[in-house]
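S.K.: Attaching a predicted model along with its sequence, questions to come.
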Amino acid sequence: MKLTTRGHYSVKALLDLSLQPNHQPASVRSIAARQNLPAPYLEKLLIDLRRAGIVNSIRGAQGGYQLARSPSQISLAQILTAVGETIEPLPHLSPTTEAEDWVTFALWKRMHQKLKEAFDSITLADLYYDARSWQAAQGDTTSFVV
C-alpha cells in the first residue's frame with residue numbers, strides 16, 4: 001500500500017487546517033502556500049473532503065475551509081475514502097485450488113483486515129501529534145509544515 005498524491009496532499013491540508021487558531025477557516029491559497037501544494041489540485045481535494053463531511057466551506061472575504069469536526073473524530077480511513085484512495089493491497093487476489101495459494105490468500109486477507117483496522121483507528125489528531133513529536137526531535141520549533 002502506497003499513499004498516493006491525493007491521499008498525501010489531503011492529509012497535509014487537513015493537518016494544516018487543524019493548526020488554525022480557534023478553528024478559523026483558511027483559504028486554499030494560504031494552505032497551498034504553507035504546504036507547498038498546487039492550489040487548483042488542492043481545491044479539488046477539499047471539495048471531495050467537503051462532500052464527505054470532513055471539512056466545511058465558508059464563503060466570503062474571510063472564508064475558506066475549516067474542519068467539520070474535531071481532529072480526533074476524523075480517521076485516516078475517512079480521509080482516504082473521501083479522496084478515492086483504496087486500502088486494498090491486492091484488490092483482485094483470489095484463492096486457487098493449490099494449498100500454497102490458499103495460504104497466501106488467507107495471509108493477505110488477514111493483513112488487509114488489520115490494515116483496515118489501523119486506518120480506522122488512526123486519527124488526524126494522532127498524525128498531528130506524531131508530526132509534532134518528529135519535528136521536535138529534529139530541533140525545529142519555528143514553523144510547522146507537514
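M.R.: Sure, I can see it. As the structure is a prediction and not an experimental result, all values here were calculated from the model.
S.K.: Can you tell me the SS state at Tyr65?
M.R.: strand (DSSP: H, G, I helix; E, B strand; the rest coil).
S.K.: now it, nearest residue through space, not along the chain?
M.R.: Using Cβ to Cβ, 6 or more residues apart in numbering and skipping residues adjacent in sequence, the residue nearest Tyr65 is Val55, 4.8 Å away. No exception for glycine: its C-beta is placed from N, CA and C like everyone else's.
S.K.: Please report phi then psi for the one you found.
M.R.: For Val55, the backbone dihedrals (degrees, to the nearest 10) come out as phi -130, psi 160.
S.K.: pretty sure it is touching Leu14, no?
M.R.: Yes: assessed by Cβ atoms under 8 Å, Val55 is found in contact with Leu14 at 7.4 Å.
S.K.: any common contacting residues for the two?
M.R.: Jointly contacting Val55 and Leu14 under the rule Cβ atoms under 8 Å, 6 or more residues apart in numbering are Leu49, Leu67.
S.K.: if I look at the closest residue to Thr4 other than its chain neighbours, how far off is Gln78?
M.R.: Distances taken as Cβ to Cβ, 6+ apart place Glu85 nearest to Thr4, at 6.4 Å, with adjacent residues excluded. Separation of Glu85 from Gln78 (Cβ to Cβ, to the nearest Å): 11 Å.
S.K.: Counting neighbours, what do you get for the residue nearest to Tyr65?
M.R.: The local packing of Val55 (other Cβ atoms under 10 Å) involves 27 other residues.
S.K.: Identify each buried residue in the longest helix seen in the chain, please.
M.R.: Looking across the chain with DSSP state H, the single longest helix is helix 99-121. Burial within helix 99-121, assessed by neighbour count using 16 or more other Cβ atoms under 10 Å, is assigned to His112, Phe119.
S.K.: where do the strands sit along this structure?
M.R.: Assigned by DSSP state E, the strands in the chain fall at 55-58, 64-67.
S.K.: by contact count, what packs against the last one?
M.R.: If I follow you right, that is strand 64-67. If you count contacts as 3 or more Cβ pairs under 8 Å, 6 or more residues apart in numbering; DSSP states H and E, strand 64-67 packs onto helix 5-18, helix 28-35, helix 39-51, strand 55-58.
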